[in-house]
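Enquirer: Could you work out the structure for the sequence below:
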Amino acid sequence: MIYLEDKIFLAGHKGMVGSSILKLLKDQGFKNILILPRKELDLLNRANVEALLKSEKPRIVITAAAKVGGIYANDNFPAEFIHENLTIQNNIIHGAYLANVEKLIFLGSSCIYPKLSSQPMSEDILLSGQLEPTNEPYAIAKIAGIKMCESYNRQYGCDFRSLMPTNLYGPNDNFDTKNAHVIPAMLYKFHNAKINKLKSVEIWGTGKPKREFLHVDDLASAVLYILGLEKESYQMNTKPMTSHINVGSGNEIMISELAEIIMDVVGFKGEILFNTEMPDGTPRKLLDTSLINKMGWRSSIELEDGLHSTYDWLCSNLESIRS
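Expert: Numbers count the residues shown, from 1 in each chain. You can find the predicted model right below:
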């Protein structure tokens, strides 16, 4: 049984995912939420993380902290991506075990699956083929997190769950045109082109790959649903039957079609140019979400609605966005 007074440690509350989870927790009435800025808790410091969890004794831990980025960032900073992500998740998961944390959610990414997977990608194809080279270090770190949670459940009887969301977007995202994921990068590019009256916008790749997108508020809803924190939600009252759970919208769109929708959302009247010398990444990525759907959760935010609200947020926060 979950109670509103339960202490919840949310790691990564300043990021896109963490800030959405924090807002939803507050909206649901949870007040005992432990959040600390980086200057007070360095998640890369194992001793500090373990000391905090032992002293605060949260009942629930949500791991939304990670180093993330798009194709350019993953391809150019692979050492940082694998080192920082492994270190952060190892510190939190092991620290949660030492502090006898009752429930933990670890958040990963759909990039854990093989590059040339059958579609849609179900949980059981993990480790069945080669990963996409451009984000392999990040993917390996996330796979390690899944297996760490699974191993602690098996050996120590923990209740640590891993959720694997598809491509995310929404408020508080990173809108840097080189380091960002596809939607925020496109929104910012098209916005700048409109403001500066440019004739065209360049998009990396051929535009042919297909992607699935999920609004970050939908992911926050899934996290709380699996934990049993949302009203009428699934209760984490049984030991995990699977190593991880996919979270997605169930819909996919070609990048070229996405660019046209974003161009319309922003109001840019110019031309889209595809730079075919830049990598496409994985040809297609669609998650099989039948497991979480059977548990009773489904996404509720349509892509175009989510793009409009995200662009509205961008326009209202141009002076302070992380770009």
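Enquirer: How about Gln89: what's its closest non-neighbour residue?
Expert: Gly145 (4.3 Å; C-beta to C-beta, 6 or more residues apart in numbering). Glycine gets a C-beta too; all of them are placed from N, C-alpha and C.
Enquirer: For the helix or strand containing the one you found, which helices and strands make contact with it?
Expert: Take DSSP states H and E as the rule and Gly145 turns out to sit in helix 136-156. Applying 3 or more C-beta pairs under 8 Å, 6 or more residues apart in numbering; DSSP states H and E, we find helix 136-156 packed against helix 78-98, strand 103-107, strand 160-165.
Enquirer: do that again at 7 Å, thanks
Expert: Helix 136-156 is packed against helix 78-98, strand 160-165, with contacts defined by 3 or more C-beta pairs under 7 Å, 6 or more residues apart in numbering; DSSP states H and E.
Enquirer: For the stretch 201-323 of the chain, which segments count as strands?
Expert: In the stretch 201-323 of the chain, the segments counted as strands under DSSP state E, counting those that start in this stretch are 210-215, 245-247, 252-254, 271-275, 284-285.
Enquirer: tell me which residues of the worst-scoring helix or strand of the chain on mean pLDDT are tucked away?
Expert: Every helix and strand of the chain was ranked by mean pLDDT, DSSP states H and E. The lowest is helix 71-76, at a mean of 81. By neighbour count with 16 or more other C-beta atoms under 10 Å, helix 71-76 contains the buried residues Ile71, Tyr72, Ala73, Asn74, Asp75.
Enquirer: How about stretch 263-277?
Expert: Met263, Val265, Val266, Phe268, Ile272, Phe274.
Enquirer: Number of residues surrounding the residue lying closest to Leu291 once chain neighbours are set aside?
Expert: The shortest distance from Leu291 to any non-neighbouring residue, by C-beta to C-beta, 6+ apart, is to Ile245 (5.6 Å). Neighbour count for Ile245, taken as other C-beta atoms under 10 Å: 21.
Enquirer: how close does Ile245 sit to Cys158?
Expert: For Ile245, the distance to Cys158 equals 16 Å [C-beta to C-beta, to the nearest Å].
Enquirer: do Gly95 as well
Expert: From Gly95 to Cys158 the distance is 12 Å (C-beta to C-beta).
Enquirer: would you turn the buried residues of stretch 263-277 into a markdown table with pLDDT and distance to Cys315?
Expert: Rendered in a markdown table, the data for these read as follows (pLDDT from 0 to 100; distance: C-beta to C-beta, whole Å):
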| residue | pLDDT | distance to Cys315 |
| --- | --- | --- |
| Met263 | 98 | 15 |
| Val265 | 98 | 11 |
| Val266 | 98 | 9 |
| Phe268 | 98 | 13 |
| Ile272 | 97 | 21 |
| Phe274 | 96 | 26 |
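Enquirer: For Ala51, which of the helices and strands packed on helix 136-156 is the nearest?
Expert: Ala51 sits nearest to helix 78-98 of all the helices and strands packed on helix 136-156, at 8.5 Å, using C-beta to C-beta.
Enquirer: For that closest one, enumerate the helices and strands it packs against.
Expert: helix 46-56, strand 60-63, strand 103-107, helix 136-156.
Enquirer: which one of the ones you listed lies closest to Gly12?
Expert: Nearest of the helices and strands packed on helix 78-98 (C-beta to C-beta): strand 60-63, 7.2 Å.
Enquirer: what does that closest one contact?
Expert: 6, 8-11, 21, 89, 92, 96, 101-107, 223, 227 (C-beta atoms under 7 Å, 6 or more residues apart in numbering).
Enquirer: Please, where are all the helices along the stretch 151-300 of the chain?
Expert: For the stretch 151-300 of the chain, the helices defined by DSSP state H, counting those that start in this stretch cover 182-195, 216-227, 255-266, 290-294.
Enquirer: possible to save these as TSV with distance to Val17?
Expert: Converted to TSV, these look like this (distance: least, C-beta to C-beta, whole Å):
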stretch	distance to Val17
helix 182-195	13
helix 216-227	6
helix 255-266	21
helix 290-294	16
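Enquirer: now, of those, which is deepest in the fold?
Expert: Each of the helices of the stretch 151-300 of the chain was given a mean neighbour count from mean count of other C-beta atoms under 10 Å, and the largest, a mean of 24, is that of helix 216-227.
Enquirer: Report the angle between that one and strand 160-165.
Expert: 150 degrees (axes from the mean of the first three to the mean of the last three C-alpha atoms, to 10 degrees).
Enquirer: ok, back up a step: for Gln130, see how far away the residue nearest to Gln89 is.
Expert: 20 Å.
Enquirer: The two - which one has more neighbours?
Expert: A count of neighbours by other C-beta under 10 Å puts Gly145 above the other of Gly145 and Gln130, at 27 against 9.
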